[in-house]
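[1] Generate a structure from the sequence data that follows.
(one chain, ligands or ions: 1)
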Amino acid sequence: MRVTERLSSTTVRNRQRLADGRGRADEAFASDGPSCPGSLIVVSNRQPYRHEYEDEAADSNTGSANISEDEAPPAGTDGGARSTAETRSITVDEPTGGLTAGLDPVVQRTDGTWIAWGDGDADFAVTDERNCVAVPPDDEAYTLRRLDLSEEAIDSYYYGFSNRVLWPLCHGFSDLIENRPNDFEWYRTVNERFAEAVADHATNDSVIWLQDYHLALAPRLIRDAVPAGATVAQFWHIPWPTPARFRQCPGRRQLLEGLLGNDLLGFHVTRYADQFLACVDRFLPEATVDHAHRTVRYDGRTTRVVATPMGVDAESYAREARSIDPDQLSTLFETYGIPRDVTIGLGLDRLDYTKGIPERLTALERFFERNPDWRGEFTFVQKATPSRTDIETYEQYGELVRSEVQRINRRFETADWRPIVYTEDVLPKEQLCALYRCADVMVVSPLADGMNLVAQEYVAASVDGDATLLLSDRIGAHERLGSHALTIDPTDAVGVAAQLETALSMPPYERKRRMNTLRQRVCNGDIESWMETQFDWIRRVHDDRRGDETDRDSDSRESTSLV
Ligand SMILES: O=P(O)(O)OC[C@H]1O[C@@H](O)[C@H](O)[C@@H](O)[C@@H]1O
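    This next block holds a predicted model:
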């Protein structure tokens, strides 16, 4: 559908919505949201807000909140931002990553603490105040506690063991594993630092909730250091490998032992949860695995393993998409040279070898070969975000993607049309949502991905209901949405090209039927309901532990009275 047509049909529908009252998703968000069964401490590698001081802010992104000297909160609440002469103002980047952006509003409601690596620049002057700040800047709701790590630690823990070993291993890229000397030791050291920081903040009613693969050793250390009443949980956002793959993992036994320090361990889909249990069976034979109930008993503790697919803040994507300003949209189209009257395809990824971008470009090439009529009529917008560029593989991957885009464009472009519009610009959420809404078809084709939140964002922002999603059959999102999207094998260029043809020639009623079902799924399984499920499980494992302790106490009383 053409962009102008789409906007006007929505305006009519919006008026209808206003007349009818609020929509389902709005109603869902009218509640106070999920409540945490204790005082929440979120622990993640990435921080939800990044403060930059004036001298460093020259080339900061759009979408940042700027606090001037006069507006800045007093030292001690905003991290003592004005404690040195050079820091006259602070720029705060708002959360943009799916994980941090999704959790931030929930933590805001809990008055909790978030502990993360304070990934500032090397010149970032580390002071206690700056590493313990109240966020968000305009409505201080919780404490962000930052860990500052040395360059060597970052190189080994983040660019090393996390992203040169665990990331390729868990995504099935064994040939890219680089196990450099000292990386695992640094990974352990940084996990210890995180555990110490948690112990500083934890109380008997804390719910400590760790995120992702950077922190596999921390749970056990935390369990041993915090009061017995605290609950330790973790969500593993990437795939978990099969035992055959996990065999290649250096320190595999310590990783499993570390993770079994959790009372609750979550994965997106049952396949990853079951593969984790299979790895425990294989590599930690002393542990007792109950596959039916997905629990592991090890070292006197029980870990419950669950599969709870993460969702997105569907309502906020829908709201942004509905509020597109046509003038802003024209500017966006002009900036990127997208003709107003073409059909639009979209790809949106970090520049990561798991995302299958070159394979997608090859599929587009096949599509234009097979469909000369679509030349000049279909433009594919590929937005890519450079990532982990200190790792050579990532840098090379970026170069490959850029050169493939150029090659394909040279092959098909005309004086006023390019088949692929490629950008690495940082786009604020409203522009992303504008792209989502204007895209007639989105191609999500990773070779592996724990979930893929972008696919869900696209569905949430497709408020007109007449767009189509092509979805890789190798990712977590496929297990949630697969039957209503068009399934693709990302390595099969001809198959992907054929599915693109199917999408573009699909009768409107079929397109709408599929998208409506996808939208229901994404709205019903949004970030709030995911959090609710997490907190329900946390409540349950907490109660189970209480029950175990009571049983143990009464057993020991009985045995004492028998003596
Ligand atoms: O934090 P990075 O290395 O830039 O990667 C972005 C994100 O990639 C995700 O897929 C990981 O699960 C997150 O933990 C991570 O934050």
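[2] CA only for contacts and neighbour counts going forward, please
    Noted.
[3] Tell me the secondary structure at the residue in the stretch 151-300 of the chain that the ligand sits nearest to.
    In the stretch 151-300 of the chain, the residue that lies nearest the ligand is H237 (4.8 Å; CA to the nearest ligand atom). Following DSSP: H, G, I helix; E, B strand; the rest coil, the label given to H237 is coil.
[4] That one - how many residues pack around it?
    Counted with other CA atoms under 10 Å, the neighbours of H237 add up to 21.
[5] can you tell me which residues contact the closest residue to it other than its chain neighbours?
    Counting by CA to CA, 6 or more residues apart in numbering, the nearest residue to H237 once its immediate chain neighbours are dropped is D212, at 5.3 Å. Contacts for D212 (CA atoms under 8 Å, 6 or more residues apart in numbering) come out as S44, Q234, F235, W236, H237, I238.
[6] ok, and what's touching stretch 228-242?
    169-172, 202-213, 219, 222-223, 261-268, 272-273, 275-276, 278-279, 448-451, 538, 542.
[7] of those residues, list those near the ligand.
    D212 (CA under 6 Å from any ligand atom).
[8] Restricted to helices, list the contacts of stretch 228-242.
    Among the contacts of stretch 228-242, the members found in helices (DSSP state H) are 169-170, 219, 222-223, 272-273, 275-276, 278-279, 538, 542.
[9] Phi first, then psi, for D425.
    Main-chain torsions, D425, degrees, to the nearest 10: phi -60, psi 150.
[10] What about it, how many residues nearby?
    Count around D425 with other CA under 10 Å applied: 11.
[11] Test my guess that it contacts T385.
    Yes: applying CA atoms under 8 Å as the test, D425 and T385 come out as touching, 7.4 Å apart.
[12] rewinding a little: could you dump the ones in helices among the contacts of stretch 228-242 into a markdown table with pLDDT added?
    Shown next, in a markdown table, are these (pLDDT from 0 to 100):
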| residue | pLDDT |
| --- | --- |
| L169 | 98 |
| C170 | 98 |
| P219 | 98 |
| I222 | 98 |
| R223 | 98 |
| Y272 | 98 |
| A273 | 98 |
| Q275 | 98 |
| F276 | 98 |
| A278 | 98 |
| C279 | 98 |
| I538 | 96 |
| H542 | 91 |
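[13] Got a ChimeraX select line for the buried ones in the residues you listed?
    This is how ChimeraX selects the buried members of those, with burial counted by 16 or more other CA atoms under 10 Å:
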select :169,170,219,222,223,272,273,275,276,278,279,538,542
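[14] Could you identify the pair within the ones in helices among the contacts of stretch 228-242 that is furthest apart?
    Farthest-apart pair in those is L169 and H542; separation 32.0 Å (CA to CA).
[15] contacts for stretch 252-264?
    Counting by CA under 8 Å, 6+ apart, 216-223, 231-234, 246, 265, 280, 283-284, 296, 298, 301-306, 537-538, 541-542 sit against stretch 252-264.
[16] buried sites along that stretch?
    Buried, per 16+ other CA under 10 Å, within stretch 252-264: R252, L255, L256, E257, G258, L259, L260, G261, N262, D263, L264.
[17] Equivalent analysis for stretch 377-386, please.
    Across stretch 377-386, burial judged by 16+ other CA under 10 Å covers F378, T379, F380, V381, Q382, K383, A384, T385, P386.
[18] Point out the ones among those that are inside strands.
    Applying DSSP state E to these, the entries found in strands are F378, T379, F380, V381, Q382, K383, A384, T385.
[19] count of residues packed around the residue nearest to the first one when sequence neighbours are not counted?
    In other words, F378. Of all residues not flanking F378 in the chain, T343 sits nearest, at 4.7 Å (CA to CA, 6+ apart). T343 has 21 neighbouring residues, counting by other CA under 10 Å.
[20] Residue numbers of this structure in contact with the ligand?
    Residues of the chain lying close to the ligand (CA under 6 Å from any ligand atom) are R46, D212, H237, I238, S387.
[21] hang on, isn't the last one packed against Y394?
    Think S387. Yes: between S387 and Y394 there is a contact at 7.1 Å, judged by CA under 8 Å.
[22] Mind checking which of these two has more residues around it?
    Neighbours were counted for S387 and for Y394 using other CA under 10 Å; Y394 has more, 17 against 14.
[23] Help me confirm that that one is found in a strand?
    No: going by three-state DSSP, the assignment for Y394 is helix, not a strand.
[24] ok, and the closest non-adjacent residue to L486?
    Spatial nearest neighbour of L486, chain neighbours left out: L470 (4.7 Å); criterion: CA to CA, 6+ apart.
[25] which residues touch H291?
    Residues near H291 by CA under 8 Å, 6+ apart: D274, L277.
[26] Near S162, how many other residues are there?
    Using other CA under 10 Å, S162 is surrounded by 23 other residues.
[27] That one is in contact with H214, isn't it?
    Yes: counting by CA under 8 Å, S162 touches H214, with 5.5 Å between them.
[28] Pull up the overlap in contacts between the two.
    Jointly contacting S162 and H214 under the rule CA under 8 Å, 6+ apart are Y187.
[29] Run through the strands of the stretch 351-500 of the chain in chain order.
    In the stretch 351-500 of the chain, the segments counted as strands under DSSP state E, counting those that start in this stretch are 378-385, 420-423, 441-444, 468-472, 486-488.
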